[in-house]
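A.B. asks: Predicted model and sequence below, questions to follow.
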Amino acid sequence: MVEQIITVTNRAGIHARPAALLVQIAKDFSSAIYLEKDNDRINGKSIMGIITLGAAYGTKIKIITEGEDEQAAADALVRLFESKFAEE
């Protein structure tokens, strides 16, 4: 299992477009992927789950991946967050 904490740095937070990008990347991996905010843990391959997290600018999110390609999955998601979802 790989766990990484990342901060939402794009000003609009995680809305529909970033959520769709997250799911698009997450579905490329066989590992289970979860995003956790406070005490809420959702499936990282569920667009509705991601949107319901309500992750605004500055929110800390824990990325949890578990499976045969867990490190690659975590790395890809971290890169997406660090790119600010190509919004800025």
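C.D. replies: Thanks, I have it.
A.B. asks: pretty sure Ile25 contacts Leu80?
C.D. replies: Yes - if you go by Cβ atoms under 8 Å, Ile25 and Leu80 touch, sitting 5.9 Å apart. C-betas here are computed from N, CA, C, even on glycine.
A.B. asks: Buried residues of stretch 53-65, list them for me.
C.D. replies: 53, 55, 59, 61, 63-65 (16 or more other Cβ atoms under 10 Å).
A.B. asks: Dihedrals phi and psi, Ala12?
C.D. replies: When read as degrees, to the nearest 10, the backbone of Ala12 gives phi -80, psi -10.
A.B. asks: so it touches Gly58, yeah?
C.D. replies: No - between Ala12 and Gly58 there is no contact under Cβ under 8 Å: 11.9 Å.
A.B. asks: Run through the chain and note the low-pLDDT ranges.
C.D. replies: The model of the chain has pLDDT under 70 over residues 87-88.
A.B. asks: Which neighbouring elements make contact with whichever helix in it runs longest?
C.D. replies: If you go by DSSP state H, the chain has its longest helix at helix 70-82. Other elements packing on helix 70-82 under the criterion 3 or more Cβ pairs under 8 Å, 6 or more residues apart in numbering; DSSP states H and E are strand 2-7, helix 16-26, strand 60-66.
A.B. asks: and the angle for the first one with strand 60-66?
C.D. replies: Angle, strand 2-7 to strand 60-66, by axes from the mean of the first three to the mean of the last three Cα atoms, to 10 degrees: 160 degrees.
A.B. asks: Can you give me the buried ones in strand 2-7?
C.D. replies: Within strand 2-7, judged by 16+ other Cβ under 10 Å, the buried ones are 2, 6.
A.B. asks: contacts for that strand?
C.D. replies: Residues external to strand 2-7 that are found in contact with it (Cβ atoms under 8 Å, 6 or more residues apart in numbering): 58-66, 70-71, 73-74, 77-78, 81-82.
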